[in-house]
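J.: Fold the stuff below for me.
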Amino acid sequence: MYKFMADHMVKRACEWLRLMGYDVSYPQYHDDNDILKECKSRNLILLTRDAEFYKRYYRSIYMDSTDFRQQVMEVISMFPPDKHNFLTRCPVCNHILEKAKSENLDPSKFTEVRKRFKTINYCPECKKYYWKGSHYLKIMEQISSLIENGN
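T.: Next up is the predicted model:
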């Protein structure tokens, strides 16, 4: 499976690619040299809108558009997504989500979620919870649209 690094110019595309199951790192630092060093050491494909930065690393994809949808479509046209990987990664930190029981959620904050769902997804890295609420359908519609238009 391919692994990517999105620079700071393509953060929103990074989040959507993660929702689609792509392994996309996002740097905590801003220095291009540090980003390149990590890309080289981990053999990552760099996603960037910076033309000069793109030219410095042979495994780069230059994202011409400023629209995150176009950026995502560009990646999926080269690296088709696997629908089995949809919503398996945390869009915030890229960690693989784990199954959790909704009964373990704080009842004062998650009453409806506890009633409607037996299992949910949990990110052990950033401690966020995810479930298939109303936002799930909107995300899946957007993903379908991106795939349909990206091919």
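J.: and the host helix or strand of N33, which residues are buried?
T.: Element membership for N33, per DSSP states H and E: helix 32-42. Applying a neighbour-count criterion of 16 or more other CB atoms under 10 Å, one finds 32, 35-36, 39 buried in helix 32-42. Using the backbone N, CA and C atoms, a C-beta is placed for each residue, glycine as well.
J.: and that helix, what other elements does it pack with?
T.: strand 3-6, strand 45-48 (3 or more CB pairs under 8 Å, 6 or more residues apart in numbering; DSSP states H and E).
J.: ok now the last one, how far from the chain's centre?
T.: Think strand 45-48. Counting by CA atoms, centre = their mean, to the nearest Å, strand 45-48 is centred 13 Å from the centre of its parent chain.
J.: Give me the residues contacting it.
T.: Outside strand 45-48, the residues that touch it by CB atoms under 8 Å, 6 or more residues apart in numbering are 2-7, 9-10, 13-14, 24, 35-36, 39, 53-54, 57, 59-63, 71, 75.
J.: so where is this structure shaky, pLDDT-wise?
T.: Applying pLDDT under 70 to the chain flags the ranges 150-151.
J.: can you rerun that using 50?
T.: In the predicted model of the chain, no residue satisfies pLDDT under 50.
J.: buried residues in the helix ranked longest in the chain?
T.: Among the segments of the chain that qualify as a helix by DSSP state H, the longest is helix 134-150. Neighbour counts using 16+ other CB under 10 Å place 139, 143, 146-147, 150 of helix 134-150 among the buried residues.
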